[in-house]
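[1] Kindly generate the corresponding structure for this input.
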Amino acid sequence: MDETEKGLFLAECEERLVEIWTEVLNHTTRRADDFLEQGGDSLSAMLCISRIRKEFGVDVPLLTFFIEPATVSSLAVTIHDLLHGHS
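    Reported below is the predicted structural model:
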């Protein structure tokens, strides 16, 4: 995957994650918003993980939502890395 393809993937992934976070957290979320600052907790993180598994076919570790910064953008990179064998 070249940088252009990666950029397109990340942009699409971020859009889908914004939708997931907005539904789970029950308010509008942006790419740079921090999960915990937006009211996220362990239950909402588990709901997001379930939705991410359905959308992307990857298991994001729960801890990902509690390290800083846990943003839509950082989560998109994590999903990309999981899908492409990077850890």
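[2] residue closest to the middle of the chain?
    What sits nearest the mean C-alpha location of the chain, by C-alpha atoms, centre = their mean, is L75, with 3.6 Å.
[3] For stretch 8-17, list every residue counted as buried.
    Residues 9-10, 13-14, 16-17 are the ones in stretch 8-17 that count as buried (16 or more other C-beta atoms under 10 Å). The way it works is simple: take the backbone N, C-alpha and C, and place the C-beta from them, glycine included.
[4] returning to what we had before: look up the closest residue to the residue nearest to the centre of the chain, ignoring the ones flanking it.
    Using C-beta to C-beta, 6 or more residues apart in numbering and skipping the chain neighbours, the partner closest in space to L75 is L17 (5.8 Å).
[5] Would you mind naming the helix or strand containing the one you found?
    Using DSSP states H and E, the element containing L17 is helix 3-25.
[6] Please apply the same query to E55.
    For E55, the host element (DSSP H and E) is helix 42-56.
[7] From the contact counts, what lies against that helix?
    Packed against helix 42-56 by the contact rule (3 or more C-beta pairs under 8 Å, 6 or more residues apart in numbering; DSSP states H and E) you find helix 3-25, helix 72-83.
[8] residues making contact with the last one?
    If I follow you right, that is helix 72-83. For helix 72-83, contacts defined as C-beta atoms under 8 Å, 6 or more residues apart in numbering pick out 6, 9-10, 13-14, 17-18, 21, 29-33, 52, 56-60, 64-65, 86-87.
[9] excluding its backbone neighbours, what's nearest H84?
    Leaving aside its sequence neighbours, H84 sits nearest to M1 (C-beta to C-beta, 6+ apart; 6.6 Å).
[10] tally of neighbours for A76?
    A76 is flanked by 22 other residues according to other C-beta atoms under 10 Å.
[11] Also E5?
    Around E5 there are 9 residues (other C-beta under 10 Å).
[12] Going forward, the N-terminal residue is numbered 48.
    Shifting the count to begin at 48 puts that one at E52.
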